[in-house]
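K.L.:
Pasting a predicted model and its sequence here:
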Amino acid sequence: MSAAPDDASAPTSNGQAPARDDATSSRDRTPAVRVVGLRKEFGSTVALDDVTLDVRTGELTVIIGLSGSGKSTLLRHLNGLHRPTAGSVEVLGRDVVALKGKELRELRRDVGFVFQQFNIVGRLTAMENVLSGALGRLRGPRFGVRAYPKQLRREALELLDRVGIGDRAFQRTDTLSGGQQQRCAIARTIMQRPRIVLADEPVASLDPEISGQVMEVLMRICTEEGLTVLCSLHQVDLALGWADRLVGLRDGQLVLDKPAAGLSTEEVMAVYQRLDPTGEKAAEYREPMPAGAVR
Amino acid sequence: MTSVDVERPSDGSDVDTSPSRTQERLSPPWPWQRWVMTGLFVLFAFVAYRSFGRTNFAPSTVLDGVDGMRNLIDRMLPINFSEIDLVIRLSIETVFIAVIGTAFAVLLSLPLSFLAARNTAPNGVIMGVARGVIVASRAIPDLVFALIFVRAIGIGGVGGVTAGILAIGAHAIGMIGKLYADAIENIEEGAREAVLSTGATRLQTLSTGVLPQVTPSFIGVALYRFDINFRSSTILGYVGAGGIGSLLREYLSALRYDLALGITLVIVVLVLAVEFLSAAIFSIGLVGVMLRRNLIVLFMSVELMLNAVNLTLVAASRMWGDADGQVFAFFIIVVAAAEVVVGLAILVNLFFRRGTVDVDVPSLLRS
C-alpha cells in the first residue's frame, strides 16, 4: 500500500475532460511523452520518419495505421526496447535514449507494456506471471510464487480479480484462452504500478466480442488509476470509442493527430486508404465476379 | 494424367516470359550459399569413397574374424565372479565419478550457456569467449582430458577418481553447454522481452522470463548426459582415472576374459542406491532452501543437505577403508548441532518480536 506516484494521480480527479479541450489549459504541464523528429531505420528500411508527438499526462491516445506503418516501432522506443537512429524521446521528463542500466530499469517500471501476443510465460501460473510485474520493486531473482512476499501475493490476487480471472490464479497460463491470457498480461502490467501504459495492438489476436471485453478491462483500470495510455489499434470503432485523441501513422510518417471528439469515421479511414482512396479499384474487382461466378 | 499444362519455353530453360507476371523465374534463385553446400556435399562423398580405399575396410574382413570371435566367447565362459567384492567397490567409485562429473558440468554449463546464447549474451566478446570454451571442451575427447588430469593429479586411488571426475565434467560441458544455449535461443522471445519491460534486472529477466521456458530441456539434457557419462566413466579407468575400468584393463591384459565378462555384467546391474539416495536428499534440501520462505523449513533443508554430504562421506570412507571420512562426518554433526542451537535461538526471538518466521519479513537492515 505504498503511495501512488504523485503527479500521475493528479489528473484523475480532473477526469479526461481537459485533454479534449484545446491544449492551452494544460500547456504549461510537462508532457508525459515527448517525441521530437524521431527516425528509425532497420537496415535500408525506414520504419519511422521524422515523427513528432506530445502526449499529455492522463491522456488516452490511440495510434492507428496499417500493419508495418511503424506503430509498434514507435511504442517500443518509448520504453527503450528500440534505440532511435535520429531524434529524441523523452518520457516522464527523462531522456530515454541516454538512459541505461539502473535508470533504464527505473523508467521501465514506470512504463507498462501490453503486447499483441500477450508475451506471458506459458509454463508459469497466472499468479506468478502477475507477480513478475513486481520484479522491479524487488531485488534478486525469484523462483516460484512462494518466493514473493505475502503482501505482493495479495496484491496480485486482487489484480487478477480486477481483470476478471481471479479463479484462474494457480492455473498454468498456457492452458488459458487468448482473452484470459491478455487479461493476465494486463494484470502484470498494472502490478508494475506504472504511470504510462503502452499497449501494442492489445486485442488484435482476439475475436471481436472478446476484443471489446478486454479493451474495456484495460481502459477501465487505466482510467481508474489515472494512467497515461498510448494504444495502437486496428479497430476504428474501438479507437473512436475510447480515445481522447487519435494519431495516424502511414509509412512511418505522422499523418493524423486530432482530438477524437468530433472526428468522423471517414477522416480516420483516410489513414488506412493508401492504395485506393476512392474505392475504384475495389469496384473494378467486384464487377467481373458474376460472369465467372462460382458461388 | 490430367492435362495440367506447365508452359515451358521449348529450349528447356528455367525462365518463363509470360507478360502478366512480375516474377520470371519458376524456381527459386540459386545463391552462392547453395553452391557452397553442394560443393561440400560432393567433397564429403568423395572423401568417404577414398577412405574406403585407404583403410582397406571391407565386409570380408569381418567374416574372416568369425573364428577369432568364437575363440573369444569360449574363453569368456563360464563367467567368473570370484573377485566380486573388489568389482562392487570399484563400480560404486565409477558411479561417483559419473554423478559428480555430471553435476560439475551442469553447474558450469548453466552460467556459460546464458553467456553463449545469442539472445542472453551481454555482448559479442563474452559470447565469443563462452562459445569458444564450449567448443574446445567438446572438441577434446574425455579420454584425452583423463590422460592430462591423470598426469597432473595422479594414477589410481583418490587422485585417479578426481582426475576422472574432472575429465568427465570438462568434456560434458561441451555438450551440455551447447544444448543449453540452443534451448535458450529457442525460447519465445516475447515473454523475455515482457519481463524486461517491467523494469526487471538482467538476472531477474533470466530467472523469470527465460529459465521457466528452458527448465524441461535443461533437466532432460542433464539426465541424458549422465547416461553418457556413466558409460564413459567405465572406460576412463583404462587410462588410470579410477573406477572399474582400471580393473577391466588388468583382467584383459592378463587374458582373463571370464573375469572381464563378470565385471561387465556387474556394471550393468550397478549398486546405484547409496549415491542416488544422497544426491536425492541433497537436491530436496537445495530446492527447499531456494523456494521456501519459512525459517524453520529452511533450517530443516540445510540440515538435509548437511546430512546428505555426511552420507556421501561415510560411504566414501567405507569404500576406501579410510577413517578420514567418518571423522569428518562427526565433525559436521557437531558443527551442525551448534548451528541449530544458535539459529533456533534467533528464530524464537524473531517470532516473539515479529510474530512470524517468514524470511522476507526481517528487512530492517535493508536500505
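P.N.:
Great, that's in hand.
K.L.:
So which bits of the stretch 1-150 of chain A are right by chain B?
P.N.:
Proximity of the stretch 1-150 of chain A to chain B (C-beta under 8 Å from any C-beta of the partner chain) is limited to residues A:79, A:81, A:105-113, A:115, A:117-124, A:128, A:132-136, A:138, A:140-144, A:146-147, A:149-150. No exception for glycine: its C-beta is placed from N, CA and C like everyone else's.
K.L.:
Just the buried residues from these, in PyMOL please.
P.N.:
In PyMOL syntax, the buried subset of the residues of the stretch 1-150 of chain A next to chain B is picked out as below (16 or more other C-beta atoms under 10 Å in any protein chain shown):
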select buried, chain A and resi 79+81+105+107+108+109+110+111+112+113+115+117+118+119+120+121+122+123+124+128+132+133+134+135+136+138+141+142+144+147+149
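K.L.:
Return the subset of the residues of the stretch 1-150 of chain A next to chain B lying in helices.
P.N.:
In helices, judged by DSSP state H, the following of the residues of the stretch 1-150 of chain A next to chain B are found: A:105-110, A:128, A:132, A:150.
K.L.:
Ramachandran angles for whatever residue of the stretch 151-295 of chain A ends up closest to chain B?
P.N.:
The minimum distance from the stretch 151-295 of chain A to chain B, using C-beta to the nearest C-beta, falls at residue A:192 (5.1 Å). Main-chain torsions, residue A:192, degrees, to the nearest 10: phi -70, psi -20.
K.L.:
Return the residues in contact with the residue nearest to it when sequence neighbours are not counted.
P.N.:
Leaving aside its sequence neighbours, residue A:192 sits nearest to residue A:133 (C-beta to C-beta, 6 or more residues apart in numbering or on different chains; 4.6 Å). Shown in contact with residue A:133 (C-beta atoms under 8 Å, 6 or more residues apart in numbering or on different chains): A:112, A:187-192, B:198.
K.L.:
Residue 247 in helix, strand or coil?
P.N.:
Chain wasn't specified; assuming chain A. strand (DSSP: H, G, I helix; E, B strand; the rest coil).
K.L.:
which residues does it bridge with?
P.N.:
residue A:63, residue A:257 (DSSP bridges).
K.L.:
For it, give its distance to residue B:288.
P.N.:
53 Å (C-beta to C-beta, to the nearest Å).
K.L.:
now do residue A:46
P.N.:
Counting by C-beta to C-beta, the gap from residue A:46 to residue B:288 is 55 Å.
K.L.:
quick one: what helix or strand has the spatially most central residue of chain A in it?
P.N.:
Nearest residue to the geometric centre of chain A (C-alpha atoms, centre = their mean): residue A:199, 1.5 Å. According to DSSP states H and E, residue A:199 maps onto strand A:196-200.
K.L.:
What's the mean pLDDT across that strand?
P.N.:
Strand A:196-200 shows a mean pLDDT of 91.
K.L.:
Can you point out the buried residues in stretch A:162-172?
P.N.:
Quick answer for stretch A:162-172 (16+ other C-beta under 10 Å): A:162-165, A:168-169.
K.L.:
Find the pair from those residues with maximum spatial separation.
P.N.:
A:162 and A:168 (13.3 Å; C-beta to C-beta).
K.L.:
Which single residue of the stretch 201-350 of chain B ends up nearest chain A?
P.N.:
Closest point on the stretch 201-350 of chain B to chain A, by C-beta to the nearest C-beta, is residue B:207, at 3.4 Å.
K.L.:
That residue: what's it in contact with?
P.N.:
Here residue B:207 is in contact with A:141-143 (criterion: C-beta under 8 Å, 6+ apart).
K.L.:
how far away is it from residue B:114?
P.N.:
10 Å.
K.L.:
More neighbours: residue A:247 and residue B:288, which one.
P.N.:
Shown here are residue A:247 and residue B:288; by other C-beta atoms under 10 Å in any protein chain shown, residue A:247 has more neighbours (24 against 19).
K.L.:
OK, contacts around that one?
P.N.:
A:53, A:61-64, A:254, A:256-257.
K.L.:
count of residues packed around the closest residue to residue A:144 other than its chain neighbours?
P.N.:
In this structure, residue A:144 finds its nearest non-sequential neighbour in residue B:291, 5.1 Å apart by C-beta to C-beta, 6+ apart. When counting by other C-beta under 10 Å, one arrives at 16 neighbours for residue B:291.
K.L.:
try residue B:81
P.N.:
A count of neighbours around residue B:81, defined by other C-beta under 10 Å, yields 14.
K.L.:
Next, give phi and psi for it.
P.N.:
Torsion angles at residue B:81 (phi, psi; degrees, to the nearest 10) stand at phi -110, psi 20.
K.L.:
Now do the same for it: its pLDDT.
P.N.:
At residue B:81, the pLDDT value in this model is 70.
K.L.:
gap between it and residue B:209?
P.N.:
54 Å.
K.L.:
Can you pull out the low-pLDDT segments for chain B?
P.N.:
Scanning chain B for pLDDT under 70 picks out B:1-21, B:23, B:79, B:155-157, B:264-278, B:318-321, B:360-367.
K.L.:
How about the residues of it by chain A?
P.N.:
Within chain B, the positions adjacent to chain A are B:188, B:190-191, B:193-201, B:203-204, B:206-209, B:211-213, B:215-216, B:290-293, B:358, B:360-361 by C-beta under 8 Å from any C-beta.
K.L.:
Buried subset of the residues you listed, written for ChimeraX?
P.N.:
Buried members of those, identified by 16+ other C-beta under 10 Å, are gathered into one ChimeraX selection as follows:
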select /B:188,190,191,193,194,195,196,197,198,199,200,201,204,206,207,208,209,211,212,213,291,292,293,361
